[in-house]
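K.L.:
what's the 3D shape of this:
(chains A and B)
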Amino acid sequence: GAGVSQTPSNKVTEKGKYVELRCDPISGHTALYWYRQSLGQGPEFLIYFQGTGAADDSGLPNDRFFAVRPEGSVSTLKIQRTERGDSAVYLCASSSTGANTEAFFGQGTRLTVV
Amino acid sequence: QKEVEQNSGPLSVPEGAIASLNCTYSDRGSQSFFWYRQYSGKSPELIMSIYSNGDKEDGRFTAQLNKASQYVSLLIRDSQPSDSATYLCAVGGSGSARQLTFGSGTQLTVLP
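P.N.:
Here you go, the predicted model:
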């Protein structure tokens, strides 16, 4: 596709449930990032993939959060035992490698834990 | 802890005026700097990138970078009501750290 695609756009889940959020990056972009944005704040880094491997997962808040990118394209962010504090907009971005590191965002997934 | 600081605003300017948005960052090794525009309820949209000291112009937008002062700014000339949005400053890390650190954004309102 032409841009970064995220599904679903909105997700409402009950506390304690498991959720998966999907990101399809811009074709050809080898770098993929997950961020989380709360109301009134800038995006907060979660994890960065270069190809299939997680190059930096230092932003994941705890071990309930996990992300994969098995074929170096689509990525899935997985959250186990969701808590109300996980409610936020989860943003995915992708970029090419090399000197130009401009990252482009998808439309985000709004996660609400009730 | 890398930090990016922005005035939260709100900043109001009349239509046709110049809007000036400012940002400071803590990591002296940062190599890349970006401005994103975010409309309410939407995702961030990249509007400017700058990598070296000085000015970079693109249409009505000018980004300015001063690495010695750890300061980056965005000027919007001939501001339009459609420029009303939150502007996010983002800083890329040093070396292989490609992820961005964002400020909390400055809310800009352009008054007709």
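K.L.:
quick one: low-confidence ranges for chain A?
P.N.:
A:1, A:99-100 (pLDDT under 70).
K.L.:
Show me which residues of it are close to chain B?
P.N.:
Contact residues, chain A versus chain B (Cβ under 8 Å from any Cβ of the partner chain): A:31, A:33, A:35, A:40-45, A:48, A:50, A:55-56, A:59, A:89, A:91, A:95, A:100-108. C-betas here are computed from N, CA, C, even on glycine.
K.L.:
Kindly give a single ChimeraX line that selects the buried subset of those residues.
P.N.:
Of those, the buried ones go into a single ChimeraX selection, burial set by 16 or more other Cβ atoms under 10 Å in any protein chain shown:
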select /A:31,33,35,42,43,44,45,48,50,55,56,59,89,91,95,101,103,104,105,106,107,108
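K.L.:
Out of the residues of chain A next to chain B, name the ones that lie in helices.
P.N.:
Within those, no residue falls in helices by DSSP state H.
K.L.:
Can you tell me which of the residues of chain A next to chain B end up in strands?
P.N.:
A:31, A:33, A:35, A:44-45, A:48, A:50, A:55-56, A:89, A:91, A:95, A:104-105 (DSSP state E).
K.L.:
tell me the two of the residues you listed that are most distant?
P.N.:
A:Q50 and A:V89 (24.0 Å; Cβ to Cβ).
K.L.:
ok, back up a step: nearest to A:R64 among the ones in strands among the residues of chain A next to chain B?
P.N.:
Using Cβ to Cβ, those come closest to A:R64 at A:E44, 15.8 Å.
K.L.:
check contacts around the closest one.
P.N.:
Shown in contact with A:E44 (Cβ atoms under 8 Å, 6 or more residues apart in numbering or on different chains): A:35-38, A:59, B:102.
K.L.:
Can I get those residues in a markdown table including distance to A:T7?
P.N.:
A markdown table is the format used below for the contacts of A:E44 (distance: Cβ to Cβ, whole Å):
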| residue | distance to A:T7 |
| --- | --- |
| A:Y35 | 17 |
| A:R36 | 17 |
| A:Q37 | 17 |
| A:S38 | 21 |
| A:G59 | 22 |
| B:F102 | 23 |
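K.L.:
residues near the residue of chain B found nearest chain A, how many?
P.N.:
Chain A sits closest to B:F102 of chain B, with a gap of 3.2 Å, by Cβ to the nearest Cβ. Close neighbours of B:F102, defined as other Cβ atoms under 10 Å in any protein chain shown, add up to 22.
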